[in-house]
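**Q** mind folding the following:
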Amino acid sequence: MPYFTQPGLATDPDIRELHNFMNGARRFLHDLLTDQLRLAHPRPATAPALFLELRQEALAVYLEYVHDRFEQLHYELDRVDQNTLVAHGLIGECLHEKLRTLAELEVSGGDEASYWPRIGKMLQELDATLDAVLDPLKIAAPRVDGFIGLFKEFRAPVLNLVNG
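**A** Predicted structure coming up:
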């Protein structure tokens, strides 16, 4: 099942596509950390050394603190009013550009040597898009601010695992 190609097809994405993106982000992070990422690209036999060394620890943190919190994010996003979503670029053309970029990275060609750099780029785009989602929630749902901080802190080490 693709992670971001379906949401990336929407030319005028709305809250449904934002939820599809969040589901794709959860699956992508899970599959990356369980070493079951399903992409059409040829994967090299070895992963970056730091990824091999710390993947299990990152997975444990993800499963304990992050994975189930995506449901809370879905709930909170549904409570944010349309004007706030528009103002933060979470629906419409701005979201379309973000989703299209992720979709293009997911299906872009390349050989084994480009596999991990592509994953790193996907994580960077994912990180930027998740920031755009989390920022308005700090205001609209201050009760989740502690979780948002943890969520943001989790992503940087994962990006470092892939980029070595």
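**Q** in this structure, where is pLDDT below threshold?
**A** Using pLDDT under 70 as the threshold, the predicted model of the chain has low-confidence ranges 1, 141-148, 164.
**Q** helices or strands up against the longest helix anywhere in it?
**A** With secondary structure taken from DSSP state H, the chain has its longest helix at helix 115-140. Here helix 115-140 touches helix 15-33, helix 69-79, helix 82-87, helix 93-107, helix 145-163, going by 3 or more Cβ pairs under 8 Å, 6 or more residues apart in numbering; DSSP states H and E. C-betas here are computed from N, CA, C, even on glycine.
**Q** what residues are up against the closest residue to residue 32 other than its chain neighbours?
**A** Of all residues not flanking residue 32 in the chain, residue 119 sits nearest, at 7.0 Å (Cβ to Cβ, 6 or more residues apart in numbering). The neighbourhood of residue 119, defined by Cβ atoms under 8 Å, 6 or more residues apart in numbering, consists of 32, 37, 162.
**Q** switch the cut-off to 10 Å
**A** 28, 32, 37, 39, 41, 43, 47-48, 51, 105, 159, 161-163 (Cβ atoms under 10 Å, 6 or more residues apart in numbering).
**Q** before we move on, back to that, switch the helices and strands packed on helix 115-140 over to CSV; also include distance to residue 125 and mean neighbour count.
**A** Formatted as CSV, those follow (distance: least, Cβ to Cβ, whole Å; neighbours: other Cβ atoms under 10 Å):
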stretch, distance to residue 125, mean neighbour count
helix 15-33, 10, 20
helix 69-79, 18, 15
helix 82-87, 19, 13
helix 93-107, 5, 19
helix 145-163, 11, 16
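**Q** got a markdown table for the ones you listed, with distance to residue 60 too?
**A** Rendered in a markdown table, the data for the helices and strands packed on helix 115-140 read as follows (distance: least, Cβ to Cβ, whole Å):
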| stretch | distance to residue 60 |
| --- | --- |
| helix 15-33 | 9 |
| helix 69-79 | 15 |
| helix 82-87 | 33 |
| helix 93-107 | 26 |
| helix 145-163 | 11 |
